[in-house]
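Novice: predicted model and sequence follow; I will ask about them next.
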Amino acid sequence: MTVHILPFNVLADVKLVGKRKAIGYLSYFARRTELFMVPMQEQELEVIADELTARGMEVYWDHSKEDRGHQAEIAALCKQLPPRLYCRKLCPSYHRIPSHMRQFFAVDPLVIESFLLSNLECLHGYPPTAEAFVDLVRSVWVEETNPLGKMIRMAFSQRGLY
């Protein structure tokens, strides 16, 4: 099957996991949705997934909406996030990510779980496991105006965790 990805070094984001990054992702689409999308065979993604798992990384595929777990915990976490001020109105500091956008995540589980355990106060009781963290970031976009959003950004950066 052919999938479509954006050509802006997105494969490098996933391939650096375990070397210089703790977590990386790649968005892919079943149909071409934008002009500058590159077709790629799904077997190529499977080869990358095999390379990552051989290095001890965990790989998560978004084959369907049902692949996203921890939805009850995510809803409880979102209720605890403080609202942000936007155009003189209090708005939620998160929004749901559409389920039609499929994602491929690679995670260094040891680094991510130690990072989550050292920042438990930001999680508001959410489980500090790599799988739960991936379910959170592929289900909800958290604004950087609160500590959880800053923590997620730090987890995806190439600095700080390695």
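Specialist: Looks like it came in fine.
Novice: output the helix or strand harbouring Ala12 as PDB - backbone C-alpha positions only.
Specialist: Using DSSP states H and E, Ala12 sits within helix 10-15. The C-alpha coordinates for helix 10-15 follow below in PDB (Å, rounded to 0.1, in the frame of the first residue of the first chain):
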ATOM      1  CA  VAL A  10      10.200  13.800   8.600                       C
ATOM      2  CA  LEU A  11      12.000  10.500   8.300                       C
ATOM      3  CA  ALA A  12      15.000  11.900  10.100                       C
ATOM      4  CA  ASP A  13      12.800  12.800  13.100                       C
ATOM      5  CA  VAL A  14      12.000   9.100  13.500                       C
ATOM      6  CA  LYS A  15      15.400   7.700  12.600                       C
END
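Novice: name the helices or strands packed onto that helix?
Specialist: When contacts are defined as 3 or more CB pairs under 8 Å, 6 or more residues apart in numbering; DSSP states H and E, helix 10-15 packs onto strand 23-28, helix 42-54. Heads up, the C-betas are built off the backbone N, CA and C, glycines and all.
Novice: can you rerun that using 6 Å?
Specialist: strand 23-28 (3 or more CB pairs under 6 Å, 6 or more residues apart in numbering; DSSP states H and E).
Novice: just give me how far the strand it packs on sits from the chain centre.
Specialist: Its chain's average C-alpha position is 7 Å from that of strand 23-28, according to CA atoms, centre = their mean, to the nearest Å.
Novice: likewise for stretch 134-154?
Specialist: Centroid separation for stretch 134-154 versus its chain: 9 Å, with CA atoms, centre = their mean.
Novice: ok, and what's touching it?
Specialist: Defining contact as CB atoms under 6 Å, 6 or more residues apart in numbering, one finds that stretch 134-154 is touched by 60, 68-70, 74, 81-82, 84, 93-95, 97, 103, 105, 119, 122, 160.
Novice: try it again with 8 Å
Specialist: For stretch 134-154, contacts defined as CB atoms under 8 Å, 6 or more residues apart in numbering pick out 23, 25, 60, 62, 68-71, 74, 77-78, 81-82, 84, 93-97, 103, 105, 107, 115, 119, 121-124, 126, 160-161.
Novice: pull the CA atoms of the helix or strand of the chain with the lowest mean pLDDT into CSV?
Specialist: Least confident helix or strand, the chain: strand 2-5 with a mean of 78, by mean pLDDT, DSSP states H and E. C-alpha atoms of strand 2-5 as CSV (Å, rounded to 0.1, in the frame of the first residue of the first chain):
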residue,chain,number,x,y,z
THR,A,2,1.2,3.5,-0.8
VAL,A,3,1.1,6.2,1.9
HIS,A,4,1.8,9.9,1.5
ILE,A,5,4.2,11.9,3.7
